[in-house]
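Novice: quick check, what structure comes out for this input:
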Amino acid sequence: MSTLSDALSTLSDRGLRRLLGARTFLRGLDYEKRKVVEQVVVQDTFATCTVRGSDAQPYDVSIRLGGEGITSSCSCPAFAKTGQHCKHVASLLINVRNKARAKAPRPPVAAPAQAAPTPRLPEQSKASRRRERRRRNQTPTNVVPPGLRPPPSPDATARSTGIGAWMSPEDTSRRLNLEFRVHVRAGGLTVTVLDTDARVPMLPSVGLNWQAISPTADRDALRVLSRHESGNPRHPAVDIRGEDVSELLPLLVGRRVLLEPALMQLRFSEEVLRPRFDLEMVGGDTIVAKATFVRTEDGRQFQLSSGGWFEGWPGWHIDTSEGVARLVDRRVAP
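Specialist: From the prediction side, this is the model:
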């Protein structure tokens, strides 16, 4: 499992705003800039500190990363009242995130190569020259983000003949350790594939190139995601909807999947949800049908407005409050 520092280092300001709320994030950012976050202690899965707030006595703050995501505690009155992340917790999250990023090694920046001037042909028109400039300035699709080694060619070989032709080339036998970051939206998912060793996101197609040399159980999930990727390495997140989500989710069973922004571990349950329809008479000539889904073990009901619902065969429901994915049965509950 990733350490707390590693997990937070991948969260942008936008991700922290989704986790904390815009107001709490901004107030926590103000506390961090004012240097009132003191005595910070960071361990593998938790961190503690004191924050000098409006009271004379500083507040004791702690955060923890577990299977249920990021949990926190604070001795301030606001946390005791709401039980949710407060501005003091936000300041500690930002502090740990910033320190983790500062310690991360930065790859050396290569000096830009001087391109040879392109001779202008006399017969070229202005429109042709504009098209040529746009073509040269386009971002190549095989760019690899900083910190990530370029993938090997799928048909790379050590030698052209003999037993070496069946062996992987030197320095290409690296085994990728991947993490799938999932953000649940209405009717769809946004999935980011993260290389946990380099701590950088990657396009699923880049991960597939590595699978050709060192295959892992992530291959099938990467194949589905690569069909929907943008192809732009600067935007590696993949949007996937509906039945495609239902095809992807079974392939993520046993993989490391975190629900953003709380970084909650997604668990797959064998419990099956069955639809239930309650009919209610309104007036003398109107019948209202109320649809819910019932867990067969204990009768707990799930509303259509909670979590993410994805049609398919079978369908799936992701409970974002508990971090659980369950199958949806097409048979109606009695």
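
Novice: how about stretch 192-208: buried residues?
Specialist: Judged by neighbour count using 16 or more other C-beta atoms under 10 Å, the buried positions of stretch 192-208 are 192-196, 198-208. All C-beta atoms are positioned from the backbone trio N, CA, C, and that covers glycine.

Novice: how about stretch 176-189?
Specialist: Buried positions in stretch 176-189, judged by neighbour count with 16+ other C-beta under 10 Å: L176, L178, E179, F180, R181, V182, H183, V184, G188, L189.

Novice: I figured the last one hits H183, correct?
Specialist: Yes - in this structure, L189 sits in contact with H183. The criterion is C-beta atoms under 8 Å, and the distance is 6.9 Å.

Novice: ok, longest strand in the chain?
Specialist: The longest strand of the chain (DSSP state E) is strand 267-282.

Novice: partners of it, with directions?
Specialist: According to DSSP bridges, strand 267-282 forms sheet pairs with strand 286-295 (antiparallel), strand 324-328 (parallel).

Novice: using PDB, list the CA coordinates for the last one.
Specialist: The reference is to strand 324-328. The C-alpha coordinates for strand 324-328 follow below in PDB (Å, rounded to 0.1, in the frame of the first residue of the first chain):
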ATOM      1  CA  VAL A 324     -17.900  -0.900  -2.300                       C
ATOM      2  CA  ALA A 325     -18.800  -2.200  -5.800                       C
ATOM      3  CA  ARG A 326     -21.800  -4.600  -6.000                       C
ATOM      4  CA  LEU A 327     -23.500  -6.400  -8.900                       C
ATOM      5  CA  VAL A 328     -27.000  -5.400  -9.900                       C
END
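
Novice: next, give phi and psi for the residue nearest to Q43 when sequence neighbours are not counted.
Specialist: Once flanking residues are discounted, Q43 sits nearest to L4: 7.5 Å by C-beta to C-beta, 6 or more residues apart in numbering. With angles defined as degrees, to the nearest 10, L4 sits at phi -60, psi -40.

Novice: please list all residues in contact with V40.
Specialist: The contact partners of V40, by C-beta atoms under 8 Å, 6 or more residues apart in numbering, come to A47, T48, C49, L92, N95, V96, K99.

Novice: tell me, how many residues neighbour the residue nearest to Q43?
Specialist: Other residues near L4 come to 24 when the count uses other C-beta atoms under 10 Å.

Novice: same question, L248
Specialist: Look at L248: counted by other C-beta under 10 Å, it has 24 neighbours.

Novice: once you drop chain neighbours, what's closest to it?
Specialist: Excluding its sequence neighbours, the residue lying closest to L248 (C-beta to C-beta, 6+ apart) is V224, at 4.9 Å.

Novice: buried residues, the helix or strand that neighbour falls within. List them.
Specialist: Using DSSP states H and E, V224 sits within helix 219-226. For helix 219-226, the neighbour count (16+ other C-beta under 10 Å) marks A221, L222, R223, V224, L225, S226 as buried.

Novice: so which of these comes closest to F277?
Specialist: Closest approach to F277 among those (C-beta to C-beta): V224, at 32.3 Å.

Novice: so what's that closest one up against?
Specialist: Per C-beta under 8 Å, 6+ apart, neighbours of V224: I240, D244, E247, L248, L251.

Novice: so the last one touches P204, yeah?
Specialist: No - no contact is recorded between L251 and P204 when judged using C-beta under 8 Å, the distance being 11.8 Å.

Novice: which residues does the longest strand of the chain contact?
Specialist: So strand 267-282 is contacted by 67, 249, 252-253, 287-297, 301-302, 317, 323-333 (C-beta under 8 Å, 6+ apart).

Novice: please redo it, this time with the cut-off set to 7 Å
Specialist: Residues from elsewhere that reach strand 267-282 (C-beta atoms under 7 Å, 6 or more residues apart in numbering): 253, 287-297, 302, 317, 323-329, 331-333.

Novice: residue ranges with poor pLDDT in the stretch 1-150 of the chain?
Specialist: Flagging of the stretch 1-150 of the chain using pLDDT under 70 yields the residue ranges 1-2, 105-126, 134-150.
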